[in-house]
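[1] Sequence first, predicted model second:
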Amino acid sequence: MMLAMRSVFPPSGEDLRRPPDLTTCLTAANGSLILSYGTKLLLISILGWRYNWKFIIADIRTPLLEADFLAHFSLAVDVGCKRLLNTQTYQSLPLSPGPREPAICSISPHQYGSLLKEFPEVLKPELRQMPMTPAKHGTYHYIKTKGPPTHAKFRQLPPQCLQEAKKAFAEMEEMGICKKAPSPWASPLHMVQKADGTWRPCVDYRRLTWQQNRTTTPCPNMQDPTASFQEPGYSPKWTY
């Protein structure tokens, strides 16, 4: 199994607005690059044991306290007895129980290394296709509407939300998710702050939904062995 060597902490919205630190290079288990944004000193309190430790601010979702912290303070994790052991004083602290359902935390490169090298995109957070390239499928989603186009009045955003919205749409445009178009349709844009402090653009499409021509064609039951997904006249296009 593999153990992370550096303790890392998720970035805040302010951290993400700074340029990444190119002097510190972090690599994930699949070989992909993890961007970092400097360091952060935090106080770690473990049932009375208190430590100050410098974390690397990295582009991750979950804080990780790893091997560098354990080695510096001479700590060891006793998995069998479920305790944290100080190898100098032989003091120990009980560890809280983990999840009931087993989970894969890392993969041994001896078993799956060649497979991950062949398909590295399966562990990357971005889309499963290269930016600005056609999709690798023939499925299209059409929304048929009735009546004139609906539009919403332009709403000003706070400067911080405006910058985050521009950044998000620029990334989606580069990846081929959306593109600029002189459309008469316009729906309200709302910026929602996530738990990690970053912002996510959300669009209120309720007025568009009210003008859709809805159909009641059910999807085939995947558990029915007699169901056919390629019947005569079948077209890989979804119409609502």
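    Yep, that arrived.
[2] and the chain, what are its domains?
    8-123, 140-210 (automatic domain parsing).
[3] would you turn those domains into TSV with mean neighbour count and mean pLDDT?
    (Each C-beta comes from the backbone N, C-alpha and C, glycine too.) As requested, the domains of the chain are exported to TSV (neighbours: other Cβ atoms under 10 Å; pLDDT from 0 to 100):
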stretch	mean neighbour count	mean pLDDT
domain 8-123	13	77
domain 140-210	12	86
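[4] now those domains in CSV, with distance to M222?
    Below are those laid out as CSV (distance: least, Cβ to Cβ, whole Å):
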stretch, distance to M222
domain 8-123, 23
domain 140-210, 20
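[5] So which residues of the chain form helices?
    For the chain, the helices defined by DSSP state H cover 13-16, 67-72, 109-118, 159-174, 206-210.
[6] Distance to R61 added to these, as JSON lines?
    JSON lines is the format used below for these (distance: least, Cβ to Cβ, whole Å):
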{"stretch": "helix 13-16", "distance to R61": "13"}
{"stretch": "helix 67-72", "distance to R61": "19"}
{"stretch": "helix 109-118", "distance to R61": "20"}
{"stretch": "helix 159-174", "distance to R61": "17"}
{"stretch": "helix 206-210", "distance to R61": "30"}
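[7] and L95, which of those helices is closest to it?
    Closest to L95 of the helices of the chain is helix 67-72 (Cβ to Cβ; 12.9 Å).
[8] So which elements touch that closest one?
    Contacts defined by 3 or more Cβ pairs under 8 Å, 6 or more residues apart in numbering; DSSP states H and E place helix 67-72 against strand 49-58, strand 75-78.
[9] re the thing from before, right, and the helices of the chain - which one's nearest H151?
    Of all those, helix 206-210 sits nearest to H151, with 8.8 Å by Cβ to Cβ.
[10] Send me that closest one as PDB with only the CA atoms.
    Taking Å, rounded to 0.1, in the frame of the first residue of the first chain, the C-alpha atoms of helix 206-210 are listed here in PDB:
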ATOM      1  CA  ARG A 206     -37.600  27.300 -13.700                       C
ATOM      2  CA  ARG A 207     -39.200  29.600 -16.300                       C
ATOM      3  CA  LEU A 208     -37.500  27.500 -19.000                       C
ATOM      4  CA  THR A 209     -38.900  24.300 -17.400                       C
ATOM      5  CA  TRP A 210     -42.400  25.700 -17.500                       C
END
